[in-house]
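Engineer: My questions concern the predicted model and sequence given below.
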Amino acid sequence: MSSTLALPESGAAVQARSARLTPWQAWGLILIVPYMLIFLLFVVYPVGYGFWIARHPHSYVQLVEDPIFVRSAINTLMFLVVGINIKMMIALMLSGFFVQARGWIKWLSVIFILPWAVPSIPTILSVRFMLNPEWGLVNSLIFRLTGEDGPNWLNDPTIALSMAIAVHIWKSLPFWTLILIAGRLAIPADLYESASVDGATNMQKFRYVTWPSLRTLYLTSTILSMIWTLGDFNSVYLLTGGGPADMTHVLATLGIRYLRLDQVDMSMAAIVCALPFVLPLVYFMMKRLAK
Amino acid sequence: MASVAIRDVRKSFGATAVIHGVDVAIRDGEFVVLVGPSGCGKSTLLRMIAGLENITSGEISIGNRVVNNLPPKERDIAMVFQNYALYPHMTVGANMGFSLKLRGAPKEEIDSGVQRAADILGLGPYLDRFPRQLSGGQRQRVAMGRAIVRDPQVFLFDEPLSNLDAKLRVAMRTEIKELHQRLKTTTVYVTHDQIEAMTMADKIVVMHDGIVEQIGTPLDLYDKPANQFVAGFIGSPSMNFLKGKVKANGSIGFEGPNGVKLPLKAAPANSDGRPAVYGIRPEHFTIADDGAEAEIVVVEPTGSETQVFARIGGEEIVAVFRERHQFKPGDKVRLKPDPTLVHLFDEATGKRLND
């Protein structure tokens, strides 16, 4: 059917059209040109330039031989697999709390949104100060209450990376909670009432009503959060700066590290190495959204 | 099956009282319809019976059990919701068997229960489909099937037909009534549609502003409405109301608007000169030489009957005739209310005055 419909468009018709545009088509072109220019200038050119810089195979050999790179790749994976999933699970639970229609919960939710709304640099830096092992707020409190010295928060690679993940969760949890609240609010209330009449417990209501309705949103959010987090530079760079001893870098901060060492090709190569993480996620995500 | 007793039930949301002391006794196996305009409290009352809404004061019992503090699942009721509330991710069969599954019933019992309900409602071919693949009427039927599977003491229906088109609504009306005649389960049915109430109910409870205006059989309410609200609510087109005075001395009658004389069979005691409202249903007019003079305004033939809008004493009334009169707008005719079918209401309180 479509082929027969398409027939008159081919051949002579197309030639006539290419010779002279209708005003409708001309306007279409004019309106699309600014976007195309911006896309070429700010997307195609920088990305292409990045690939060009990172074109030498020896950059990659050097990169893989750098233990910091391997550590960063593992850290990135931890960030994605552990951090994001913990975050989304907490967001799922909190969204269930915040959808309750009580006055004080509404007010609480406003306060809860704050970490997401405030700018990253001052807030993450203040967390860094709070975690200072000698004069930070946290260890001062621990010392005052127990008489013991607190842990060396940002000087132990495992604790430091955990703290970076914690800061990331703290900062972006409100956003994902909000998304899941919106998802929960879209579930008709009478489904829950019907489940009550059918004899469902709260757990069963979650299992048979909430989760089936939220599942798609939850998975899509998780993937999207992973894609965004791959580029999350702030939580790590501002909190640990990649330290101690470059043990807490992720791929996003590693690029900057090489840049500061004047190794532009390595920097670009590090970012190119993030592509195997990103591309499958983007592909999977687009497939889900296309459904 | 069980009886349901509602005793002095009240409901407030914060400081706003929405139900002000309602008493209804529902016999075992009875089909009771709660009817009234939007906001009258009928759905709230139903939800209180279901346990989806707390009871502020008073008592509701199902069977011999006071259920005030029981959660819905322990009340042994099944409810059909206005929007059907089918679980979108479950097949029709799973939807219908869900309550049995939650109860931990063995698979054979669930299957046979679902099959039985599917047979009753003709849903057999659809058991593996999802709700989104069904039409509105089929979804409605699945919602009923879900209720039937549970074999509850009481069925509760919350405006179940309001999302269906007019033709399907009439068909489903009959189907629900047939179902009730077959299963004989006590049923409480909420609707704002008085025709649904009239056609389906054994007993109608007319509610208005959180109180019960009248309880009775459909024909009771039609023949002897207890007040002007019920008189106006039941019957379509609505009853005509004409304000005026009762004439009890000499020739009994009613002096309508602008002195128009209207017939009355008997006047209530000591009512001469009493201001009152004269109620007459559109279908209770005849054309007669001794009728009141009326000017035709609009004529609406529907085929089976003709609705005639006319003015008597300057007030607009509607009359319905089975015969095909050839009226034209502007024609003068004499319309005579049937004096044995006249309703008199107190002008201030709206209470019925005659027997």
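Structural biologist: Looks like it arrived, so ask away. Numbering: from 1, shown residues only, chains lettered A, B, ... in the order given.
Engineer: how about the residues of the stretch 101-250 of chain A near chain B?
Structural biologist: A:188, A:190-191, A:193-200, A:204, A:208-209, A:212-213 (C-beta under 8 Å from any C-beta of the partner chain). C-betas here are computed from N, CA, C, even on glycine.
Engineer: contacting residues around B:T91?
Structural biologist: Counting by C-beta atoms under 8 Å, 6 or more residues apart in numbering or on different chains, B:T91 makes contact with B:L127, B:D128, B:R129, B:F130.
Engineer: which phi and psi does it have?
Structural biologist: phi -70, psi 170 (degrees, to the nearest 10).
Engineer: Mind giving me the packing neighbours of the helix or strand hosting A:T123?
Structural biologist: Secondary structure from DSSP states H and E places A:T123 in helix A:120-130. Contact partners of helix A:120-130 among helices and strands, from 3 or more C-beta pairs under 8 Å, 6 or more residues apart in numbering or on different chains; DSSP states H and E: helix A:137-146, helix A:157-185, helix A:234-239.
Engineer: longest strand of chain B?
Structural biologist: As assigned by DSSP state E, the longest strand anywhere in chain B is strand B:285-301.
Engineer: How many residues are close by residue 66?
Structural biologist: Chain wasn't specified; assuming chain A. The local packing of A:D66 (other C-beta atoms under 10 Å in any protein chain shown) involves 17 other residues.
Engineer: I was after chain B.
Structural biologist: Neighbour tally, B:V66, other C-beta under 10 Å: 13.
Engineer: show me what contacts it?
Structural biologist: Counted by C-beta under 8 Å, 6+ apart, B:V66 has contacts B:E59, B:I60.
Engineer: Mind listing the residues bridging to it?
Structural biologist: B:S61 (DSSP bridges).
Engineer: ok, the closest residue to chain B within the stretch 1-150 of chain A - how many residues close by?
Structural biologist: Distance from chain B to each residue of the stretch 1-150 of chain A (C-beta to the nearest C-beta) is smallest for A:G103, at 11.3 Å. Residues near A:G103, counting by other C-beta under 10 Å, number 7.
Engineer: Next one, pLDDT for it please.
Structural biologist: The per-residue pLDDT reported for A:G103 equals 81.
Engineer: wait, what's in contact with residue 157?
Structural biologist: Picked chain A for this. With contacts defined as C-beta under 8 Å, 6+ apart, A:P157 is in contact with A:P244, A:A245, A:M247, A:T248.
Engineer: looking at chain B here, not the other one
Structural biologist: B:F157 neighbours (C-beta under 8 Å, 6+ apart): B:M79, B:V80, B:I176, B:T187, B:V188, B:Y189, B:V190.
Engineer: Give the residue farthest from the middle of chain B.
Structural biologist: The centre of chain B is farthest from one residue, B:G250, which by C-alpha atoms, centre = their mean lies 40.8 Å away.
Engineer: residue ranges for the helices of the stretch 201-350 of chain B, please.
Structural biologist: Taking DSSP state H, counting those that start in this stretch as the test, the helices found in the stretch 201-350 of chain B are B:218-223, B:228-233.
Engineer: hey, which of those is tucked in deepest?
Structural biologist: The highest average neighbour count among those, using mean count of other C-beta atoms under 10 Å in any protein chain shown, belongs to helix B:228-233 at a mean of 22.
Engineer: which helices and strands does that one pack with?
Structural biologist: Secondary-structure packing of helix B:228-233 (3+ C-beta pairs under 8 Å, 6+ apart): strand B:203-208, strand B:211-216, strand B:240-247, strand B:275-280, strand B:343-346.
Engineer: so how far is the third one from its chain's centroid?
Structural biologist: Centre-to-centre, strand B:240-247 and its host chain are 27 Å apart (C-alpha atoms, centre = their mean, to the nearest Å).
Engineer: now do the fourth one
Structural biologist: Remark: strand B:275-280 is offset 24 Å from the chain centroid, using C-alpha atoms, centre = their mean.
Engineer: who's in contact with that strand?
Structural biologist: B:225, B:228, B:231, B:239-246, B:254, B:256, B:262, B:264, B:317, B:337-338, B:341-347, B:350, B:353.
Engineer: what about it, average pLDDT?
Structural biologist: Strand B:275-280 comes out with an average pLDDT of 93.
Engineer: how much does it deviate in direction from strand B:240-247?
Structural biologist: Here strand B:275-280 runs at an angle of 130 degrees relative to strand B:240-247 (axes from the mean of the first three to the mean of the last three C-alpha atoms, to 10 degrees).
Engineer: partners of strand B:275-280, with directions?
Structural biologist: strand B:240-247 (antiparallel), strand B:343-346 (antiparallel).
Engineer: which of these sits most buried?
Structural biologist: Comparing the strands paired with strand B:275-280 by mean neighbour count (mean count of other C-beta under 10 Å), strand B:343-346 ranks first with a mean of 22.
Engineer: ok, and what's touching it?
Structural biologist: Under C-beta under 8 Å, 6+ apart, the answer for strand B:343-346 is B:225, B:227-228, B:231, B:239, B:241, B:246, B:254, B:264, B:268, B:276-280, B:351-354.
Engineer: May I see the contacts of A:P157 organised as CSV, with pLDDT added?
Structural biologist: Formatted as CSV, the contacts of A:P157 follow (pLDDT from 0 to 100):
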residue, pLDDT
A:P244, 80
A:A245, 79
A:M247, 80
A:T248, 83
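Engineer: Over to the residue farthest from the centre of chain B: give its phi and psi.
Structural biologist: Main-chain torsions, B:G250, degrees, to the nearest 10: phi 70, psi -130.
Engineer: for it, what are its contacts?
Structural biologist: Taking C-beta under 8 Å, 6+ apart, we find B:G250 in contact with no residue.
Engineer: Show the average pLDDT along stretch A:83-99.
Structural biologist: Averaged across stretch A:83-99, pLDDT comes to 92.
Engineer: cool, stretch B:335-353 as well?
Structural biologist: For stretch B:335-353, the mean per-residue pLDDT is 92.
Engineer: Which neighbouring elements make contact with the helix or strand where A:K205 lies?
Structural biologist: Element membership of A:K205 [criterion: DSSP H and E] is helix A:202-205. Other elements packing on helix A:202-205 under the criterion 3+ C-beta pairs under 8 Å, 6+ apart are helix A:189-198.
Engineer: Tell me the pLDDT of A:A164.
Structural biologist: The model's pLDDT for A:A164 equals 88.
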